[in-house]
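>>> okay, predicted coordinates and the sequence, questions at the end:
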Amino acid sequence: MSEFEKLVGARFSCRAYRPDAVPRAALEKMLEAARRAPSACNQQPWRFVVATDAALRARLLDEGTLPGLRMTWATTAPVILVLGIRKSVITHQVAPLLSKVDYPLLDLGIAGEHAVLQAAELGLGTCWIGWIRPGDVRRIVGWPRDITPQALITVGWPVSRPERESPRLSLDETVTWR
Ligand SMILES: Cc1cc2nc3c(=O)[nH]c(=O)nc-3n(C[C@H](O)[C@H](O)[C@H](O)COP(=O)(O)O)c2cc1C
């Protein structure tokens, strides 16, 4: 198996973290991997806040997430990465009028997953959280109105791996060869 295949297999959504801090150098590596992601017209619309402060993390989870999904596990994560989009006029507001493609959201997803895979390579666990209240997250992190939060990613040292991998659709179910 190639190193890349092993890395893809190592990543999972981690929902239990040890309390140990994550070294700043590890977080910087994750952000550097995100920074090098491709983006439509190279607009690099991603913006990040690295929340390590306990009070800030608690507010993000208490006030910045929606009810209904049990996410108490997220309080064990020593770091929460906040992911947002800063839209440009031409690529992100004019071009999608013609194409209907959400370029900045695609770009942010790629950048976020670069960070996640870098984390996995360092032995760190992560979990995307999309069940958020963007307006509240913006207020909590102090972003201006032109930056819109889209997701959180918890980061920390995993307690363990789930015994079973989450199921995936087969290639036959998702791919058509023409
Ligand atoms: C964009 C996105 C949003 C997600 N939002 C949440 C969430 O709000 N809460 C949660 O517990 N997991 C969330 N997840 C994790 C998924 O549930 C998980 O990736 C999926 O079940 C597959 O499991 P795996 O990541 O362990 O392979 C999200 C994942 C993505 C990519």
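On my side now, so go ahead.

>>> going forward, measure contacts between C-alpha atoms and count neighbours the same way
Fine.

>>> my guess is residue 86 contacts residue 48. True?
No - using Cα atoms under 8 Å, residue 86 is not in contact with residue 48, being 10.4 Å away.

>>> how close does the nearest residue to residue 91 once chain neighbours are set aside get to residue 162?
Excluding the flanking residues, the one nearest residue 91 by Cα to Cα, 6 or more residues apart in numbering is residue 41, at 7.0 Å. The gap separating residue 41 from residue 162 is 39 Å, by Cα to Cα, to the nearest Å.

>>> who in this protein is up against the ligand?
Within reach of the ligand by Cα under 6 Å from any ligand atom, the chain has these residues: 12-13, 127-131, 166.

>>> selection in ChimeraX covering whichever of those residues are buried, please.
For the buried members of those, the matching ChimeraX selection, counting by 16 or more other Cα atoms under 10 Å, is:
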select :12,13,127,128,129,131
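
>>> could I get the residues of the chain next to the ligand as a markdown table with pLDDT and secondary structure?
Formatted as a markdown table, the residues of the chain next to the ligand follow (pLDDT from 0 to 100; DSSP: H, G, I helix; E, B strand; the rest coil):
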| residue | pLDDT | secondary structure |
| --- | --- | --- |
| 12 | 98 | coil |
| 13 | 98 | strand |
| 127 | 98 | strand |
| 128 | 98 | strand |
| 129 | 98 | strand |
| 130 | 98 | coil |
| 131 | 97 | coil |
| 166 | 95 | coil |
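
>>> farthest-apart pair in the residues of the chain next to the ligand, please.
Across the residues of the chain next to the ligand, the longest distance by Cα to Cα is 18.9 Å; it joins 131 and 166.

>>> packing partners of the strand of greatest length in the chain?
Longest strand in the chain, counting residues (DSSP state E): strand 147-156. Secondary-structure packing of strand 147-156 (3 or more Cα pairs under 8 Å, 6 or more residues apart in numbering; DSSP states H and E): strand 79-86, strand 125-129, helix 134-141.

>>> ok and that strand relative to helix 134-141, angle-wise?
Here strand 147-156 runs at 70 degrees with respect to helix 134-141, directions being taken by axes from the mean of the first three to the mean of the last three Cα atoms, to 10 degrees.
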